[in-house]
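K.L.:
Here is a sequence together with a model predicted from it:
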Amino acid sequence: MATLSIHQTTSAQDTLEIDPGRSMSIAGKGPGQDGAINPFLGQDSFALVENIGNTAFSIRIQKAGEIIESIPMAAGEIKKVTLLAGSEMYFDAEPGGKAMARVEFEKKQE
């Protein structure tokens, strides 16, 4: 299984569990409302997402309440997702089991 590399000076990493059939705000709503802390909130960044569980889930990107993109995540899969300033990221777990994910944020270089 592939793993995410950690760059301490430019990223932050969190491990999350999402109950079956539930959704979780991961980034973009602000302190106290997000499941993970994106230190680059308010600017363009990347989220490296790894499904570390056995249950599939999806990544949902929204802006101003409108769904921009929905990205399926199979078990063991890793994806790099672009988060534009003002967008929100959610994880939507499948009803079959608890989803587990690792997410790391990186600043998008200009």
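P.N.:
Okay, I see it.
K.L.:
give me the low-pLDDT residue ranges for the chain?
P.N.:
Within the chain, the ranges that satisfy pLDDT under 70 run 1-13, 30-34, 110.
K.L.:
Mind doing that once more with 50?
P.N.:
Applying pLDDT under 50 to the chain flags residues 1-11.
K.L.:
now the strands for the chain?
P.N.:
11-18, 23-27, 45-51, 57-63, 66-73, 78-83, 87-93, 99-107 (DSSP state E).
K.L.:
Out of the ones you listed, flag the one nearest residue 39.
P.N.:
With Cβ to Cβ as the measure, strand 11-18 is the member of the strands of the chain nearest residue 39 (5.0 Å). To be clear about C-beta, it is placed using only N, CA and C from the backbone, and glycine gets the same treatment.
K.L.:
what's the neighbour count on the residue nearest to residue 51 when sequence neighbours are not counted?
P.N.:
Closest residue to residue 51 apart from its sequence neighbours, by Cβ to Cβ, 6 or more residues apart in numbering: residue 73 at 4.5 Å. Neighbourhood size, residue 73 [other Cβ atoms under 10 Å]: 23.
K.L.:
So residue 73 versus residue 57, what's the distance?
P.N.:
5 Å (Cβ to Cβ, to the nearest Å).
K.L.:
Overlap in contacts, these two.
P.N.:
Residues within reach of residue 73 and of residue 57 at once, by Cβ atoms under 8 Å, 6 or more residues apart in numbering, are 51, 101.
K.L.:
thinking again about what came up before, now do the contacts for the residue nearest to residue 51.
P.N.:
So residue 73 contacts 49, 51, 56-59, 79, 101 (Cβ under 8 Å, 6+ apart).
K.L.:
List only buried entries from these.
P.N.:
Of the members of the contacts of residue 73, the ones counted as buried by neighbours, 16 or more other Cβ atoms under 10 Å, are 49, 51, 56-59, 101.
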